[in-house]
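J.: predicted model follows, preceded by the sequence.
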Amino acid sequence: MKKVIEFFKELRKKPYGKAVMFFGFYLIFFIVIFIILGIGGTNKKSNNKDSSYKSLFNDNYSFTYKVVLDGENYLYNINKNSNVYSFIHDNKQYTTNGKNTYNDEVEVESPIKFSDFYKEDLLMKILENSYRVAKTTYDNGDEVYNLLVSSNVLYKLVYSKDTDYEETPNKFKMSISNKKIKELEFNLDSYCKLDNLCKKSLNITINYNN
């Protein structure tokens, strides 16, 4: 330690010594700042990944899908078998596989509002691209996560198009019981206004019956 102190004393006596010490100090300062920012940036996006998203959806074979669009309620009961979804709407039986929906083996448009948002593949991608705001763990082991996801990210995931809107992040909540998702609640007011998908508001709630 004494040798270090003596070194800096001798360095200060030299004509260039103060300049070297000045720039050296700021170099160390900025290195420390970049390290801190790098650690924070890594944790911010990954801190909601406490378990495998795929396993959270296991055994979710039936669920209710509720859409509230500008105050109007739409409720659907959906069953899932592997990657095929089935539901009844207006007394007609529909099946959906990927992005294709069928009625009596004829391809049709899905009658479900915002039908992409009940599909497991998209939901997992949303979770992977979300930011955790808070986590609450209850005495019985149940967990509730409060999350945020960008409208630009959602638009990219749904439509495969890049956007750069000024926006307010969308809030959503994930409830877990017995290591399975029980409920997802989305407030998508920001997202639905990007392409005038709504006038004022969009809320989606998925309740799993596992």
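T.: Yep, that arrived. Numbering: from 1, shown residues only.
J.: where does the protein have its least confident helix or strand?
T.: helix 17-46 (a mean of 48; mean pLDDT, DSSP states H and E).
J.: past that helix, which element shows up next along the chain?
T.: helix 53-56 (DSSP states H and E).
J.: which strands and helices sit next to the helix or strand that comes right after that next one?
T.: Sequence order places strand 62-69 as the next helix or strand after helix 53-56, per DSSP H and E. On a contact count with 3 or more CB pairs under 8 Å, 6 or more residues apart in numbering; DSSP states H and E, strand 62-69 meets strand 72-81, strand 202-208. (Glycine included, C-beta is placed from N, CA and C.)
J.: looking at these, which one is packed in the most?
T.: strand 202-208 (a mean of 19; mean count of other CB atoms under 10 Å).
J.: what strands line up against that one, and which way round?
T.: strand 62-69 (antiparallel), strand 180-187 (antiparallel) (DSSP bridges).
J.: okay if I get these as JSON lines plus mean neighbour count, distance to residue 126 and mean pLDDT?
T.: JSON lines is the format used below for the strands paired with strand 202-208 (neighbours: other CB atoms under 10 Å; distance: least, CB to CB, whole Å; pLDDT from 0 to 100):
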{"stretch": "strand 62-69", "mean neighbour count": "18", "distance to residue 126": "15", "mean pLDDT": "97"}
{"stretch": "strand 180-187", "mean neighbour count": "19", "distance to residue 126": "9", "mean pLDDT": "96"}
